[in-house]
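Engineer: Structure, please.
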Amino acid sequence: MSRSLMSLALLLASSPLAMAQVKPEPTPAQGDVGANVYRQVLHSTVWVHSDRGGGRLATGTGSLVDKGRRLVLTNYHVVGEVKRATVFFPSYGGDKKAISDRKHYLDNAARLGISGDVVELDKEGDLALIRLDKVPDGVVELPLAASSPDPGQTVHSIGNPGKSGALWVYTPGKVRQVYSKKWRAKLDERTTLNFQAKVIETDSPTNPGDSGGPLVNDKGELVGVTQGGALDAQLLSTFVDLSEVKRLINRRSVQALRSTDTVAAETQAKDPPKKPHRETPLKSKDDGKFFSEEAWAKVQATAEKLLKEKGLDLMIETYATPPKLDADKVKAMSPAERTKFFKEFAQERVKAEKIVGLYIVINKSPGSLYVDLAEAAKGKVSEETVTKVKQTLLTAFNEKKFDAGLADALNVFLDSQGLGAKKEEKK
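Structural biologist: Just a heads-up that it's a prediction; the model follows:
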């Protein structure tokens, strides 16, 4: 690797923008892991309402497992035999924390509630899929883990227990065992059902209302679904295992939903798409020669897709030396001054090119990176997406994985807009 690229990695790590450090971080305390997992998974978690008629309302929890197809995963015993259900994603207050007051959601149900069709049931495994009519901006799909957890592994769950006065309740625990089981659970006051599936047994307490919620590992990947209705559970909790979830999602009828987006078709028929603000995507340039031709070709393809599908711009410009100023002058700047210089340059480029989306500038010597979200794109692109794009690039650059980092950053942007490629699950 050239001296200039090594310099880039070191300077990025010392820059105020760099959230990834070259030196390995000490293992975080469990409380820190739990807090980070909670913040991450909360964006994929929902409060589920199932109207059983006669004034009876069943509530539970669910998680968004496929943003492109708008699929929410929950328990069968949460939705029962209803054809439609309503979900609520977390709302956030001025302090950027999730509003946990139930009354807030009930009072604003017409605005916050999102309805959907119950499209698939696994009655034996106590699982169900709800296909939402729409998915709000800022939510993300919950990734599935590669395999089931092992006994002794730490796990985390989020639920909406009826006995609690709050929503979005976090519960940590340890896996006791993973095994096949038969059990009974209540569908409602009058109906008790029998289930049989592979389950995860943990020492974490769950309550009615938690049912259907996500159980995740330390990476925030789904490993199970809360099964809070078991009648014989004492001082332990049961979760439907990941393998049962994958079996449901891989059903042919579920996979076929990819090509039958009727709601989107109806919406387009009623509301013709607005003409994009430009006809062709902006042209990015790699003057700094950071990336291979194959990796760089993905930038233009991504820009075309974002413009066509979402009316958003993506422009990346790399430089060997700083634009507009002598390299030695920029090297002599303090980290704060250098950040200010590239921020102002990025904002000038956004204004000059009339960008509605993301602009990324990367400099080789001295090593610098800045990601700017155009004012016109705020509300369409979340600050969380900007942060994830930036962190993805910085982490990969520090590991000298330039092509991989670029590809991952592009996927982060696409995924945030529901345009990411679907990954086939291996059996």
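Engineer: domains of this structure?
Structural biologist: 3-25+273-416, 43-142+252-259, 154-241 (automatic domain parsing).
Engineer: Need the winner for burial among the ones you listed.
Structural biologist: Most buried of the domains of the chain, by mean neighbour count (mean count of other Cβ atoms under 10 Å): domain 154-241, with a mean of 20. Heads up, the C-betas are built off the backbone N, CA and C, glycines and all.
Engineer: Now the terminal residues of that domain, how far apart.
Structural biologist: End-to-end distance for domain 154-241, by Cα to Cα, to the nearest Å: 15 Å.
Engineer: again with stretch 184-197
Structural biologist: 12 Å.
Engineer: Centre of the chain to that stretch, how far?
Structural biologist: Relative to its parent chain, stretch 184-197 has a centroid offset of 32 Å by Cα atoms, centre = their mean, to the nearest Å.
Engineer: Least confident of the domains of the chain, on average?
Structural biologist: For the domains of the chain, mean pLDDT drops lowest on domain 3-25+273-416, to a mean of 84.
Engineer: How far does it sit from its chain's centre?
Structural biologist: On Cα atoms, centre = their mean, the centre of domain 3-25+273-416 falls 21 Å from that of its chain.
Engineer: ok so, going back, relative to residue 35, which of the domains of the chain is closest?
Structural biologist: Among the domains of the chain, the nearest to residue 35 by Cβ to Cβ is domain 154-241 (8.5 Å).
Engineer: starting at the chain centroid, how far to the closest one?
Structural biologist: Here domain 154-241 is found 22 Å from its chain centre; the criterion is Cα atoms, centre = their mean.
Engineer: between the domains of the chain, which one is nearest to residue 36?
Structural biologist: domain 154-241 (7.9 Å).
Engineer: about what we covered before: of all the domains of the chain, which lies closest to residue 37?
Structural biologist: domain 154-241 (4.8 Å).
Engineer: Helices along the stretch 151-300 of the chain, start to end?
Structural biologist: 242-249, 252-255, 262-270, 293-310 (DSSP state H, counting those that start in this stretch).
Engineer: packing partners for the longest one?
Structural biologist: When contacts are defined as 3 or more Cβ pairs under 8 Å, 6 or more residues apart in numbering; DSSP states H and E, helix 293-310 sits against strand 313-319, helix 402-416.
Engineer: Now do the contacts for residue 175.
Structural biologist: Residues in contact with residue 175 (Cβ atoms under 8 Å, 6 or more residues apart in numbering) are 149-155, 200-202.
Engineer: one more time with 6 Å
Structural biologist: 149, 151, 153, 155, 202 (Cβ atoms under 6 Å, 6 or more residues apart in numbering).
Engineer: For burial, what's the neighbour tally of the second one?
Structural biologist: With neighbours defined by other Cβ atoms under 10 Å, the count for residue 151 comes to 13.
Engineer: What's the separation between it and residue 173?
Structural biologist: Taking Cβ to Cβ, to the nearest Å as the measure, residue 151 falls 12 Å from residue 173.
Engineer: Could you tell me which residues touch both of those two?
Structural biologist: Listed as contacting both residue 151 and residue 173 by Cβ under 6 Å, 6+ apart is no residue at all.
Engineer: list the contacts for the residue nearest to residue 83 when sequence neighbours are not counted?
Structural biologist: Spatial nearest neighbour of residue 83, excluding adjacent residues (Cβ to Cβ, 6 or more residues apart in numbering): residue 118 at 6.0 Å. Residues near residue 118 by Cβ under 6 Å, 6+ apart: 79, 85, 128, 130.
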